[in-house]
Each structure stands twice: as structure tokens, then as C-alpha cells.
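Chemist: I'd like to go over a predicted model; first the sequence, then the structure.
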Amino acid sequence: MLRIGRQWCRWGATAVVAVAAMAGCSNLLDVNLPAAVTEDALADPSTAALRVNSVMAEFECAYSSMALDASGYEDNWQRYSGSAGSYEEYNSTPTGGNCDTSQYSHNWVNALLTARGLGYTAYDAINGWSVANKDKLLAEVALYTGAALDVFGEHFCEFAISTATTLGGPLSPSMTLDTAEAWIDKALTHITNAGGDFGLTVSAGTVTSSMQKTAYGIRARIRYFNGDLAGAAADAVR
């Protein structure tokens, strides 16, 4: 067994050296990983729209799974739309992982956390770049970041927001919703700076014909769950 193991190692090392020589590498550690996203690649302003789309995709997938599988954790939840049958099912806790891995997937927490984290970094990056339609991109990413925070504020007893430079402490639901509202305020400001209201369309179709109305709708929901009923009513009539 030991001899076979040594023989395998010898052939394995030879193969690696051969591949390295074919690739023109100066040593075994000098490799190219084209599938890896590097920090330098993300620092490219040409990735601005891709960053925004990434936030949107993570949130939409996560929210779809959350609404279907959790829906605020009622004691009894009947699945609908033919997804995974039509039986009653209750989950006491959300599951991590990637959303929509199957029709039985309950994995939405990680994707929602990713949407929030990508939203923060994308906003900061785009805000520091000189790119076309800058305010539109910032409005989109701010709106989706606020929407992600709204879910955490509505359904979680505590939440923490960490960034590249700070490690956040626990936030109460009200504090999380306050943060969510601040992001929607940013979105509304950027909509104004972009020259007024605009729609949002992706390859799958139209997300909304009015970003402004969508922002007011999300903020009305945030204010309602945060106990600001007058503010929620004012936004709802918009």
C-alpha cells in the first residue's frame, strides 16, 4: 500500500510539473485561476452594472424562497402554486445555503445576507467611480439594500451589520428598520438626482415601471412595521 501511494505521488508530481511547463509558469505556485474574481477585477468601473445586478439577483431569489417557504413563520403554512406539492409544512428556523437549489429549498438566509453585504460594497464602489447613469445605478442598489434590511428588521429579533472596517453590534428590529429606511431615502435622493422617476427592466422583464413608487411602497412597509403608521400612510398614498 505504501509503495502504491509513493508511486501515485511520483506520477502526480510529474503531471503537475508537466502542466506547469505547458502553461509557461515559472514555478508550481505561479498559476492562473480565470474563474476566481480578484479584488483588482472588482475595482474596475466597468463592473458597476454587474454589481447592481448581483445584488438584485441575490435578493430576488432569497425573497422568493422566504415568501414561499417561511412567510414570517406562521404555525401553519400551505404551499401553493404547485411548488413541491400541496402539503402543509412548517419550518421553525430558516436554512442557510443558496436559494432555489431545488423546489424543496428553504435556503434563503445566506442569499439575503449576501444581498445586503454586496449592496453596501457595490454602493461605496459605484459612488466613488465616474460611470454612466451613476445615480440610476445607485438608486437601484440602495433600493434593494433597503429591501433586504427590511426583511431582517421585520422577522429577526436581532441583526448585525458588519463592513470591511467595522464589526457591528446587535441591532434591535426597530434599529434595523431605521437603517432600511435610510437606504430607501438614499434611493429616492438618487432618483431625483437622476432627473426624475424611471423604470427598471432586466432580461427577464420589467421589474417596475416606477422606481419612485416602488421606493415609497417599500418605505411604507418599513414604517408600518416600525410603528410609524402616519408615515406609512403618507407613503402608501403616493
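Modeler: Right, received. Where do you want to start?
Chemist: Pretty sure Gly96 sits against Ala111.
Modeler: No: with contact defined as CB atoms under 8 Å, Gly96 does not count as touching Ala111 (9.1 Å). Quick note: C-beta positions are derived from backbone N, CA and C, even for glycine.
Chemist: Between the two, which has more neighbouring residues?
Modeler: The residue with more neighbours, out of Gly96 and Ala111 and counting by other CB atoms under 10 Å, is Ala111; that gives 25 against 11.
Chemist: nearest spatial neighbour of that one, skipping sequence neighbours?
Modeler: Excluding the flanking residues, the one nearest Ala111 by CB to CB, 6 or more residues apart in numbering is Ala62, at 3.7 Å.
Chemist: likewise Ser209?
Modeler: Gly199 (4.6 Å).
Chemist: repeat for Thr47
Modeler: Across the structure, with CB to CB, 6+ apart as the measure, the residue nearest Thr47 apart from its sequence neighbours is Ala41 (7.1 Å).
Chemist: before we move on, what about Leu200?
Modeler: Spatial nearest neighbour of Leu200, excluding adjacent residues (CB to CB, 6+ apart): Val207 at 4.3 Å.
Chemist: contacts for the one helix or strand that neighbour maps to?
Modeler: Assigned by DSSP states H and E, Val207 belongs to strand 205-208. Applying CB atoms under 8 Å, 6 or more residues apart in numbering, the external contacts of strand 205-208 come out as 56, 199-201, 214.
Chemist: related to what we said a few turns ago, for the residue nearest to Ala111, what are its contacts?
Modeler: Contact analysis of Ala62 by CB under 8 Å, 6+ apart lists 99, 108-109, 111-112, 114-115, 148.
Chemist: try it again with 7 Å
Modeler: For Ala62, the residues meeting the contact criterion (CB atoms under 7 Å, 6 or more residues apart in numbering) are 99, 108, 111-112, 115.
Chemist: What is the nearest of those residues to Val141?
Modeler: Relative to Val141, the closest of the contacts of Ala62 is Ala115; by CB to CB it sits at 9.9 Å.
Chemist: Name the residues of stretch 124-133 that are buried.
Modeler: Residues 125-126, 131 are the ones in stretch 124-133 that count as buried (16 or more other CB atoms under 10 Å).
Chemist: what's the helix or strand for the closest residue to Leu177 other than its chain neighbours?
Modeler: Once flanking residues are discounted, Leu177 sits nearest to Gly153: 3.7 Å by CB to CB, 6+ apart. For Gly153, the element it lies in under DSSP H and E is helix 134-155.
Chemist: I'd like to know which elements that helix is packed against.
Modeler: Packed against helix 134-155, as judged by 3 or more CB pairs under 7 Å, 6 or more residues apart in numbering; DSSP states H and E, are the following elements: helix 48-69, helix 109-127, helix 173-193, helix 211-225.
Chemist: and that helix, how far from the chain's centre?
Modeler: Averaging C-alpha coordinates over helix 134-155 and over its chain gives two centres that are 9 Å apart (CA atoms, centre = their mean, to the nearest Å).
Chemist: what is the orientation angle of it with helix 173-193?
Modeler: Note on geometry: by axes from the mean of the first three to the mean of the last three CA atoms, to 10 degrees, helix 134-155 and helix 173-193 are set 160 degrees apart in direction.
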